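Visitor: Next input, structure requested:
(one chain, ligands or ions: 1)
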Amino acid sequence: MRVCIHRGTKQIGGTCIEIEAQGKRIVLDIGLPLDAGEHDDPAALVPPVPGFREPDPSLLGVVISHPHQDHYGLIQHIRSDIPVLIGAAATRILATAADFIPSSVKLSNTIPLADRNPITQGPFTITPYLMDHSAYDAYAMVIEADGKRLFYSGDLRGHGRKSTFFDELVRNPPPRIDALLLEGTTIGRTNTDRGFATESDLEEAFLAAFGSTPGLAMVWASGQNFDRLVTVFRASKRAGRRFIVDLYTAAMLAATGNEHVPQSDWPEVSVFVPRWQRVKIKTSERFDLLRPHHAHRIYPEQFAELASSYVLLFRPAMSRELEQANCLSGARLQYSMWEGYLGEERMQPTLGWLKTKEISVETIHSSGHASVADLKRLARSMRPKALVPIHSFHTGSYPELFENVTPKQDGVWWDV
Ligand SMILES: [Zn+2]
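Guide: Modelled structure (predicted):
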């Protein structure tokens with residue numbers, strides 16, 4: 001079995017790994033690089049894998065570890081007849097998101113990944129392990145061929161709502177791993193050697209914040225970080241506040257197919273359909289998107305009167321409507337995504353608007369990725385013959401943290 005990491009030995013995002021055995025090949029992830037600019041032609045970023053553009057029967061499939069752009073974002077730019085191995089819920093989530101945001105994708109020709117359910121593709125046996133991550137339906141996996149065994153971490157963590165899956169992997173790792181491709185997103189960040197706050201810790205922090213907010217409590221979080229949405233919902237309920245999500249988030253929550261994740265028909269949940277979503281439904285005549293949630297709608301006129309009994313999942317595109325609804329007196333906002341985004345150009349207009357409205361912004365967040373403490377636990381228990389750094393801006397630091405580190409270069413083939 002031979003491997004070529006096309007992208008990922010020196011960076012977070014854009015991950016693409018080609019694996020060859022007996023003249024057949026599979027590819028793990030085909031991500032959009034994080035530094036891809038708006039003006040870059042995404043098609044030009046597709047790695048040079050035979051079969052992506054021209055038909056090539058030796059390419060057996062592309063495995064998508066989880067539905068985050070930095071792992072699937074270039075898939076629209078390869079042939080649509082290539083089989084895509086991806087979780088069933090992840091497929092639904094991407095398809096639902098595509099109704100609202102152009103960067104998402106409706107996949108056809110999929111083969112569903114399921115926890116510890118081996119799939120054979122030619123000489124390869126792929127065994128997925130459902131993992132704890134900020135993306136839903138995320139998998140790590142063992143790839144076996146030619147008597148060799150490779151473990152690809154995908155993106156993972158050990159402090160979210162699926163931490164038991166990570167703990168079980170550490171307690172009972174797949175044996176005889178020749179190469180471990182281990183993500184290291186948090187290497188170089190602060191406090192990562194001590195471990196990170198859990199979702200329960202965050203729930204307490206949100207509860208305290210909501211309790212001390214005199215008006216509308218707003219949370220700025222991803223509509224696809226379901227662990228976090230559960231946390232915010234639980235804190236809202238404990239604070240005696242109704243949880244209000246936009247139509248996109250209501251659709252995403254439904255796409256999980258998980259009855260433990262809050263849904264628009266739960267008594268403590270309401271759906272606000274901001275103007276841009278109303279326009280989208282009307283111009284595309286997609287009234288079906290609204291139908292499942294229509295009975296649970298709430299309107300901006302209600303916000304002013306009852307602001308102190310709501311927690312609103314904030315979207316920058318709502319700003320003007322909230323302002324017009326006169327509901328921002330005494331409002332506070334909890335920011336619940338990676339703090340690095342706050343420095344980006346695209347965030348400045350919203351941060352400026354919050355300032356003019358005198359809405360204080362505080363951060364309540366925990367990483368979607370494992371702490372170094374947890375990465376060390378995993379590496380120690382798996383004891384791979386070679387540990388290959390991937391998905392990190394600090395791959396040079398791996399030898400100080402792990403045993404048997406074998407750094408690789410982008411675009412270079414090596415034997416497992
Ligand atoms: Zn990633």
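
Visitor: From now on I want contacts and neighbour counts done on CA atoms only, so please keep to that.
Guide: OK.

Visitor: could you pull out the helices for the stretch 251-400 of the chain?
Guide: 275-284, 300-306, 319-324, 348-356, 372-382, 398-401 (DSSP state H, counting those that start in this stretch).

Visitor: and among these, the most buried is which?
Guide: Mean neighbour count (mean count of other C-alpha atoms under 10 Å) peaks for helix 372-382 among these, with a mean of 19.

Visitor: what distance separates that helix from the middle of the whole chain?
Guide: Averaging C-alpha positions (C-alpha atoms, centre = their mean, to the nearest Å) puts helix 372-382 21 Å from its chain's average.

Visitor: pLDDT on that helix, on average?
Guide: Regarding helix 372-382, the rounded mean pLDDT is 97.

Visitor: and that helix, what does it pack onto?
Guide: On a contact count with 3 or more C-alpha pairs under 8 Å, 6 or more residues apart in numbering; DSSP states H and E, helix 372-382 meets helix 163-171.

Visitor: rerun at 6 Å
Guide: On a contact count with 3 or more C-alpha pairs under 6 Å, 6 or more residues apart in numbering; DSSP states H and E, helix 372-382 meets no helix or strand.

Visitor: Go ahead and name everything in contact with it.
Guide: Outside helix 372-382, the residues within contact range by C-alpha atoms under 6 Å, 6 or more residues apart in numbering are 170, 173, 192-193, 195.

Visitor: Please repeat the previous calculation with a cut-off of 8 Å.
Guide: 157-158, 169-171, 173-175, 177, 184, 186-187, 192-195, 401-403 (C-alpha atoms under 8 Å, 6 or more residues apart in numbering).

Visitor: same question, stretch 87-99
Guide: Contacts for stretch 87-99 (C-alpha under 8 Å, 6+ apart): 66-67, 104-107, 112-114, 136-138, 248, 251-252, 255-257.

Visitor: Can you tell me which of these are buried?
Guide: Buried members of the contacts of stretch 87-99, counted by 16 or more other C-alpha atoms under 10 Å: 66-67, 104-105, 107, 112-114, 136-138, 248, 251-252, 255-256.

Visitor: Looking at these, spot the one nearest Lys385.
Guide: Ala138 (24.9 Å; C-alpha to C-alpha).

Visitor: Apart from its neighbours in sequence, what residue is nearest that closest one?
Guide: His66 (4.4 Å; C-alpha to C-alpha, 6 or more residues apart in numbering).

Visitor: Contact partners for that neighbour?
Guide: 72, 86-87, 90, 135-139, 154-155.

Visitor: how close does it sit to Gly188?
Guide: 24 Å (C-alpha to C-alpha, to the nearest Å).

Visitor: Which of the three states applies to Val62?
Guide: Secondary structure state of Val62, per DSSP: H, G, I helix; E, B strand; the rest coil, is strand.

Visitor: quick one: the most far-flung residue of the chain relative to its centre from Cys327, how far?
Guide: The centre of the chain is farthest from one residue, Glu305, which by C-alpha atoms, centre = their mean lies 35.4 Å away. Distance of Glu305 to Cys327, computed by C-alpha to C-alpha: 8 Å.

Visitor: do Arg53 as well
Guide: If you go by C-alpha to C-alpha, the gap between Arg53 and Cys327 works out to 52 Å.

Visitor: ok, Val27 - how many residues close by?
Guide: 23 (other C-alpha atoms under 10 Å).

Visitor: average pLDDT for whichever strand or helix holds it?
Guide: Taking DSSP states H and E as the criterion, Val27 maps to strand 24-28. What strand 24-28 shows for mean pLDDT is 98.

Visitor: Can you list the strands that it pairs with?
Guide: strand 16-21 (antiparallel), strand 59-63 (parallel) (DSSP bridges).

Visitor: Serialize those strands to JSON lines and add fields for mean pLDDT.
Guide: Formatted as JSON lines, those follow (pLDDT from 0 to 100):
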{"stretch": "strand 16-21", "mean pLDDT": "98"}
{"stretch": "strand 59-63", "mean pLDDT": "98"}
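
Visitor: So which of these is nearest His365?
Guide: strand 16-21 (28.3 Å).

Visitor: For the closest one, buried residues please.
Guide: 16-21.

Visitor: picking that back up, which of the contacts of stretch 87-99 fall in strands?
Guide: 112-113, 138 (DSSP state E).

Visitor: Okay, now stretch 184-191: how far is its last residue from its first?
Guide: 14 Å.

Visitor: list the buried ones in that stretch?
Guide: 184-187.

Visitor: which one of the buried residues of strand 16-21 sits closest to Ala208?
Guide: Cys16 (41.9 Å).

Visitor: which residues touch the closest one?
Guide: Counting by C-alpha under 8 Å, 6+ apart, Cys16 has contacts 5-8, 27-31, 47, 71.

Visitor: State the distance from it to Ala97.
Guide: Distance from Cys16 to Ala97, by C-alpha to C-alpha: 23 Å.
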